[in-house]
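Asks: quick one: sequence plus predicted model below, questions after.
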Amino acid sequence: MKLTQGCFSFLPDLTDDQIYKQVQYCLGNGWAVNIEFTDDPHPRNTYWEMWGLPMFDLQDAAGVMMELAECRRVYGNKYIRISGFDSSHGWESVRISFLVNRPPHEAEFELVRQEVGGRAIRYTTVRRPGRARANVSHPLPRGALPAPHPWRTTASPPPAAKLLFFEVTMLDVPHATTTEPGETQFDLRKEAEAAGITDTLQQLEQELIGLKPVKNRVRQIASLLLIERIRQRAGLASAPPTLHMSFTGNPGTGKTTVALRMAKILHGLGFVRRGQVISVTRDDLVGQYIGHTAPKTKEILKKAMGGVLFIDEAYYLHRPDNERDYGQEAIEILLQVMENQREDLVVILAGYGERMTSFFASNPGFRSRIAHHIEFPDYAEAELLVIAELMLKERGYRFSAAAREAFEKYIALRRTQPFFSNGRSIRNAVDRIRLRQADRLVSDLDRMLDVDDLETIDPMDVLASRVFSGGADARSGKP
């Protein structure tokens with residue numbers, strides 16, 4: 001008698017690719033996914049040990065498969081199952097449950113019939129020592145790393161007629177792109193438009209002033225990915241490129257904006273399954289006590305699977321001067337995932353140039369796993385003025401001629417003072433200018449206002465900043 005669980009009781013064991021699709025079905029329905037294990041295979045045993053915590057808000061099944069691979073490594077000699085819990089009103093119970101791992105030696109059961117008093121018949125299940133199963137993947141020894149993409153098996157699935165599981169529509173990963181026979185010519189413009197590259201690059205050009213080196217590098221990466229996809233469809237030899245990146249530059253130079261556009265390009269070309277960007281800092285990854293860092297880091301990685309993980313000020317992960325710092329543990333987990341699951345996750349590290357150089361020097365594993373290092377230059381004064389005018393235009397304001405000249409002087413002074421943050425400082429300055437304009441207009445309640453008064457920024461709205469006098473605003477970084 002073979003042990004079975006859940007709705008797959010009479011089906012062959014699922015392959016890992018089928019488990020992936022089934023988990024994706026659960027996540028798509030908003031169900032919490034649990035991984036549980038036990039060494040008691042009796043069907044009446046309803047108390048299974050839980051591996052970690054229920055996974056509620058994941059978007060991609062790769063995060064669950066990462067946990068499953070780790071559970072198999074530790075408890076590969078036990079039964080492991082996955083269940084999907086529906087918390088919606090009216091259900092509030094497990095909607096699906098299926099086995100995903102069996103031990104090398106499975107117990108066997110036999111049913112014993114016994115006649116007792118009063119014409120009653122008692123049935124008892126008796127557990128007997130089992131025989132070893134053939135073709136069993138034994139767990140890795142403790143401390144060993146799982147193979148890359150442990151859920152992508154090469155075993156042939158059972159015949160289609162015997163399978164019954166939920167199909168989930170999803171983008172193929174690059175290495176699995178099918179080749180269409182006879183396709184020998186490609187319209188590059190149509191291919192770029194279909195992938196959304198043209199619109200994304202145009203949007204990037206409109207949103208970011210200047211930054212020509214950055215835009216050129218983004219365009220080169222997009223071109224490489226587009227040609228790579230076309231080569232796959234043409235049946236030519238191709239390999240998925242390494243897509244991890246490093247963005248270096250001062251604050252306010254558009255690193256986060258470029259990361260969002262890059263995720264959109266990668267998603268449009270099918271190199272990531274989702275266009276999401278999970279932005280984190282050290283506090284989201286590193287714990288405060290022993291045993292706290294690994295769960296925090298893995299939780300973030302599970303959420304980011306299938307998309308882009310953006311780590312701002314990444315150099316703060318490494319603090320060599322603090323012996324009790326737990327950042328190195330987060331770094332080791334990140335390096336393992338960046339190498340073994342690089343087709344499921346793109347990691348972008350961001351921070352100041354000099355500090356990132358020191359960070360890479362002390363952690364050479366990061367530098368060797370990053371293919372694209374993009375440097376974001378500071379904005380020129382003329383570019384900062386254009387940024388300010390665009391911000392005002394979006395909000396329904398405009399500089400008068402004299403106010404424009406005053407703001408040019410403001411930029412020249414502000415760049416030389418502490419805590420200057422390029423576009424971010426300009427945004428703060430625009431907000432303060434609007435504040436001063438409103439205060440100036442309201443100061444005379446007997447005045448009749450027209451639309452021109454509401455739209456126009458006067459010189460006094462700019463010159464009132466203490467940046468011009470070197471006051472507290474200049475020392476504290478306020479405009």
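Replies: Yep, that arrived.
Asks: for the spatially most central residue of the chain, what are its contacts?
Replies: Centroid-nearest residue in the chain: Ala304, 2.5 Å away (criterion: Cα atoms, centre = their mean). Shown here is Ala304, whose contacts under the criterion Cβ atoms under 8 Å, 6 or more residues apart in numbering are 63, 276, 278, 345. For the C-beta atoms, the positions are set from N, CA and C on the backbone; glycine is no exception.
Asks: rerun at 10 Å
Replies: By Cβ atoms under 10 Å, 6 or more residues apart in numbering, the contact list for Ala304 reads 58-60, 62-63, 274, 276-280, 310-311, 337, 344-347.
Asks: same thing with Phe399?
Replies: Counting by Cβ under 10 Å, 6+ apart, Phe399 has contacts 385, 388-389, 392-393, 405-408, 433, 456-459, 461-462.
Asks: now swap in Ser362 and tell me
Replies: Neighbouring residues of Ser362 by Cβ under 10 Å, 6+ apart: 315, 318, 320, 328, 331.
Asks: isn't the last one up against Val286?
Replies: Yes: the pair formed by Ile331 and Val286 meets the contact definition of Cβ atoms under 10 Å, at 9.3 Å.
Asks: overlap in contacts, the two.
Replies: 293, 297, 317.
Asks: before we move on, the earlier item: and the contacts of Phe399, which are buried?
Replies: 385, 388-389, 392, 406-408, 433, 457-459, 461-462 (16 or more other Cβ atoms under 10 Å).
Asks: of all those residues, which comes closest to His105?
Replies: In terms of Cβ to Cβ, no member of these lies closer to His105 than Ala388, at 72.0 Å.
Asks: please, which helix or strand holds that closest one?
Replies: helix 381-394 (DSSP states H and E).
Asks: does anything pack onto that helix? Which helices or strands?
Replies: Packed against helix 381-394 by the contact rule (3 or more Cβ pairs under 10 Å, 6 or more residues apart in numbering; DSSP states H and E) you find strand 398-399, helix 401-414, helix 423-442.
Asks: ok now that helix, how far from the chain's centre?
Replies: Here helix 381-394 is found 32 Å from its chain centre; the criterion is Cα atoms, centre = their mean, to the nearest Å.
Asks: and the strands in this protein?
Replies: 32-38, 49-50, 79-86, 93-101, 108-115, 121-128, 245-249, 277-280, 308-312, 346-351, 372-376, 398-399, 456-457 (DSSP state E).
Asks: how about those, which one is nearest Gly365?
Replies: strand 346-351 (12.1 Å).
Asks: so, low pLDDT: which residues of this structure?
Replies: Along the chain, the parts satisfying pLDDT under 70 run over 1-11, 41-44, 107-111, 125-183, 470-479.
Asks: swap in 50 and give it another go.
Replies: 1, 7-8, 134-180, 182, 472, 474-475 (pLDDT under 50).
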